[in-house]
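**Student:** Quick one: sequence plus predicted model below, questions after.
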Amino acid sequence: MKKFLTVIIFLFFASDTSFASSHKYLSEYNFFMNLKNQIPSQDVIPYGIANPLFSDYAYKLRFIHMGTGSSAIYNYEEVFEFPVGTTIIKTFAYPVDERDKESGLILLETRLLVHEEDGWKPYNYIWNQQQTDAKLKVTGHTFQIEWTNAVGKKKKVRYRAPNINQCKSCHEIDNRIMPIGPKGRNMNINFGYYSGQENQIQYWSRNMILKNIPERLKSSPVIWNNNMFPIEDRARSYLDANCAHCHRRGGSASNSGFYLDLEEQVPVRLGIKKRPVAAGRGSGNFKYIIEPGNAKESILLFRMMSTDPGIMMPELSRSLNHEEAIPLIEEWIKELR
């Protein structure tokens, strides 16, 4: 049955010419001077974001290729407006041993989001065991991964690279595939370039690859795991990064009326004392998405703590609990009145 479904998925995507890439292997793009070590070519820009999506503790190496003479248009709340021809590149990897940077990375997949004439298109490349190249695959892939974390604990994960349709489920806004991460508030942080540490917005401006930057930049959202900031601000930053790509106006979960983007300020739309529209088993038989002062009976926390595919949220990108984030959201809900 599993093989039959795989064939059906393959035929569906193979027949959809809108997702037909001319490049079978990642190396054919020439995005990297050293592919295995992920050293980008001169016209490919590495970048980072303030609050990345949790993906089972995977590392993410991010790059953008816009082409010579091209530039993006700045936006604080939404993704920059990138020119046609732009490719957003993200490689997912695990460290062999987080305590030892010299132990290297296990490269799993490299996802491309390519801005073509008729819109953004996702392509996913799966790395071979030799770590020499990655091959285009539309039907997804599953890896069994083991690594040692920063405190010396052995960890295991059944990591799932998504199929093309699953890429659409997170990246679809107003029925169009769109990037998620590179927006003004996510990019206004320092990054370690080969030339040294520099604010990303200033670097892009200095290199003339970003236009319409205001003279005075708005502050970035707080980093969710920085204990120096208030719990509410940290919790909202985390939920914005991990949930608001779907739970926002125009997102794939917009019909829920439950929005977790930082711009949302109406309590009931944030889930406070809000009954779920159609959660099924995902409700845990609790009444409200967020029950102020009662984290244990809040659907939001219940779904974050689950690894059951029919219950957990987010539905994709994880099979493990985010152990460091759950106590933060629990404490935030307890403080709500």
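**Tutor:** Done, it's in. Nothing here was measured: the structure is a model prediction, and the numbers come from that model.

**Student:** contacting residues for the residue nearest the centre of the chain?
**Tutor:** The residue at the geometric middle of the chain, judged as the C-alpha nearest the mean C-alpha position with C-alpha atoms, centre = their mean, is residue 53 (4.2 Å). The contact partners of residue 53, by C-beta atoms under 8 Å, 6 or more residues apart in numbering, come to 180, 241-242, 245, 314, 317. For every residue, glycine as well, the C-beta is placed using N, CA and C.

**Student:** could you list every residue that touches the nearest residue to residue 267 once chain neighbours are set aside?
**Tutor:** On the basis of C-beta to C-beta, 6 or more residues apart in numbering, the spatially nearest residue to residue 267 that is not a chain neighbour turns out to be residue 273, at 7.1 Å. With contacts taken as C-beta under 8 Å, 6+ apart, residue 273 has the following neighbours: 267, 288, 290-292.

**Student:** neighbour-wise, which of those leads?
**Tutor:** Ranked by neighbour count under the definition other C-beta atoms under 10 Å, those are headed by residue 290 with 25 neighbours.

**Student:** Contact partners for that residue?
**Tutor:** Applying C-beta under 8 Å, 6+ apart, one finds that residue 290 lies in contact with 270-274, 298-300, 333, 336.

**Student:** Is it bridged to anything, and to what?
**Tutor:** Taking DSSP bridges, one finds residue 272 as the beta-bridge partners of residue 290.

**Student:** Spell out the residue ranges of the helices in the stretch 101-250 of the chain.
**Tutor:** Assigned by DSSP state H, counting those that start in this stretch, the helices in the stretch 101-250 of the chain fall at 164-171, 184-187, 200-206, 231-243.

**Student:** Same list (those helices) but as JSON lines, adding distance to residue 47 and mean neighbour count.
**Tutor:** Written out in JSON lines, the entries for the helices of the stretch 101-250 of the chain read as follows (distance: least, C-beta to C-beta, whole Å; neighbours: other C-beta atoms under 10 Å):
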{"stretch": "helix 164-171", "distance to residue 47": "18", "mean neighbour count": "18"}
{"stretch": "helix 184-187", "distance to residue 47": "7", "mean neighbour count": "22"}
{"stretch": "helix 200-206", "distance to residue 47": "6", "mean neighbour count": "17"}
{"stretch": "helix 231-243", "distance to residue 47": "15", "mean neighbour count": "21"}
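
**Student:** could you redo those helices as CSV and give each row mean pLDDT and distance to residue 256?
**Tutor:** Listed next are the helices of the stretch 101-250 of the chain as CSV, based on pLDDT from 0 to 100; distance: least, C-beta to C-beta, whole Å:
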stretch, mean pLDDT, distance to residue 256
helix 164-171, 79, 14
helix 184-187, 93, 23
helix 200-206, 95, 33
helix 231-243, 96, 11
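
**Student:** among these, which is nearest residue 45?
**Tutor:** When the helices of the stretch 101-250 of the chain are compared for distance to residue 45 using C-beta to C-beta, the nearest one is helix 200-206, at 7.6 Å.

**Student:** How is residue 269 assigned, secondary-structure-wise?
**Tutor:** Classification of residue 269 using DSSP: H, G, I helix; E, B strand; the rest coil returns helix.

**Student:** hang on, it packs against residue 259?
**Tutor:** Yes. Counting by C-beta atoms under 8 Å, residue 269 does reach residue 259; the two are 5.0 Å apart.

**Student:** contacting residues for residue 68?
**Tutor:** Residue 68 sits next to residue 43 when contact means C-beta under 8 Å, 6+ apart.

**Student:** go on, residue 182?
**Tutor:** Residue 182 makes contact with 47, 49, 64, 72, 79-80, 88 under the criterion C-beta under 8 Å, 6+ apart.

**Student:** Residue 228 versus the residue lying closest to residue 189 once chain neighbours are set aside, what's the distance?
**Tutor:** Sequence neighbours aside, residue 50 is the residue nearest to residue 189 in space, at 5.1 Å (criterion: C-beta to C-beta, 6+ apart). For residue 50, the distance to residue 228 (C-beta to C-beta, to the nearest Å) stands at 14 Å.

**Student:** Thank you, goodbye.
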